[in-house]
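[1] Have a look at this fold, sequence not included:
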Ligand code: NAP
């Protein structure tokens, strides 16, 4: 038989997860010189693009243009998409091993990190990730309810997801109406009674996780004024020291934060309070179990032996009235059955993308990972490109040494026949492109980039009946 990676014996790769990282891995595989590679991408939803579709905020349309590049990759004749096929439910890792030389898990981080304080699960307290998935029309979150009759909301954490959530709560209906926000979310937010939003950071301005454009944007909203307390914006000695070596973006970030100290109330209907050096220690409920307040402790900064700047509690407490809370303290990966997983980090056990046997620490032949499920939920979309490249580099090195899985049926038709049996309602990329065209057409009529279909049945009808 001819070597793997040739015309008569192509390298057969399965990529699991159709988010940015999956596409970057496919793109880099197709770039390999003198290698014939066939990529099958599996995705549990009918739609590709992962967090670009269901995570990026609706008012950040420009960021979504990266999907053009993904469509280009998908147009490669050696690429196939198996959407609406759930690994662990419709098919298993053992099934994939029957068909592929190499498997790459790019499933991202699908849940949230837990906040362990009393009252964290009271009515009215939600992971921010659920609110994000809901307003972005993720089919699994369409029926979630958020009580927008409340006047005061708090977002715990000051990463970019917290910024997104705070902005969406504060945008005017007019601002939202020109985006691709889910129709039901637009309707719910149109009637929102939220007037005050607190964003709560446990460390100081110099350590804020959000990025500079995001904090600037909070100060430019049509319907909300932003406020920062003077004593919280002031840098302590540790932060001042940090700023001496900080990059320009961080310095600018701190300048912007400090400029908000001087803001005055205007006629804008909503107020956004960006707080620093505070940690929620308890969510307080009424008799019905509904949140009515949050107890906060003031923090101070300290430096660990390794130089990291951390926060610790002081003995000063305060209470703020809130009826709605979004816990935005980071995403977390979920395990895939049959793939070694590090539960405390929420990542697949790996080294540079090679999946490792947790006992022997030896690579599991033919299995790889990239993106958030490899390194944890950090960085912007583009960060996943070099990450995927690193993994593909390992895949190529292993192939050169003959360290690949030996599938019993390395052929395309066998996969199609098998998947059709397991999931007759699978989606091809052509199906997706029909849905995409229909969404854009609906959007054009309303002056929006697209109107999203939010149920799998709707998408199936559009793809298969047209
Ligand atoms: P993140 O950037 O890691 O921020 C998490 C936030 O939660 C931090 O402020 C962190 O504070 C805080 N936190 C963690 N544990 C806490 C606790 N026990 N109590 C109070 N606060 C706590 O995570 P993310 O916002 O989910 O974003 C994930 C990634 O996606 C990031 O890399 C982000 O930049 C990216 N993203 C980018 C965009 C964009 O480019 N526009 C939009 C959305 C997301 P400490 O810093 O003190 O740990």
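    On my side now, so go ahead. In this text, all values refer to a predicted model and were calculated from it rather than measured experimentally. Numbers count the residues shown, from 1 in each chain.
[2] Point me to the residue of the stretch 251-400 of the chain nearest the ligand.
    The nearest approach of the stretch 251-400 of the chain to the ligand comes at residue 329, 3.6 Å away (C-beta to the nearest ligand atom). C-beta: built from backbone N, CA, C; applies to glycine.
[3] Please apply the same query to the chain.
    residue 159 (2.2 Å).
[4] How many residues are close by the closest residue to that residue other than its chain neighbours?
    Excluding its sequence neighbours, the residue lying closest to residue 159 (C-beta to C-beta, 6 or more residues apart in numbering) is residue 209, at 4.0 Å. The tally of other residues near residue 209 (other C-beta atoms under 10 Å) stands at 18.
[5] So which residues on the stretch 251-400 of the chain come close to the ligand?
    Proximity of the stretch 251-400 of the chain to the ligand, by C-beta under 6 Å from any ligand atom, involves residues 279, 328-331, 377-380.
[6] By neighbours, which of these wins?
    residue 328 leads those on contacts (other C-beta under 10 Å) with 30 neighbours.
[7] Could you measure from that one over to residue 202?
    12 Å (C-beta to C-beta, to the nearest Å).
[8] try residue 104
    35 Å.
[9] quick revisit: now the residue nearest to residue 159: which helix or strand?
    Assessed by DSSP states H and E, residue 209 sits outside every helix and strand.
[10] ok, it - contacts?
    Shown in contact with residue 209 (C-beta atoms under 8 Å, 6 or more residues apart in numbering): 157-160.
[11] These: which two are farthest apart?
    Using C-beta to C-beta, the two most remote members of the contacts of residue 209 are 157 and 160, lying 9.9 Å apart.
[12] Which one's more surrounded, those two?
    Neighbour count, other C-beta under 10 Å: between residue 157 and residue 160, residue 157 has more, with 23 against 18.
[13] where does the more buried one fall, phi/psi-wise?
    Backbone torsions for residue 157, taken as degrees, to the nearest 10, come to phi 110, psi 150.
[14] That one contacts residue 331, doesn't it?
    No. Distance between residue 157 and residue 331: 11.1 Å, which falls outside the contact criterion (C-beta atoms under 8 Å).
[15] Do a quick rundown of the helices in the stretch 251-400 of the chain.
    Applying DSSP state H, counting those that start in this stretch to the stretch 251-400 of the chain gives helices spanning 372-375, 384-400.
[16] Most tightly packed of those helices?
    Neighbour counts (mean count of other C-beta atoms under 10 Å) averaged over each of those peak at helix 372-375, with a mean of 27.
[17] Narrow the contacts of residue 209 to those in helices?
    residue 160 (DSSP state H).
[18] ok, back up a step: among residue 104 and residue 202, which residue is more densely surrounded?
    residue 104 (31 against 23).
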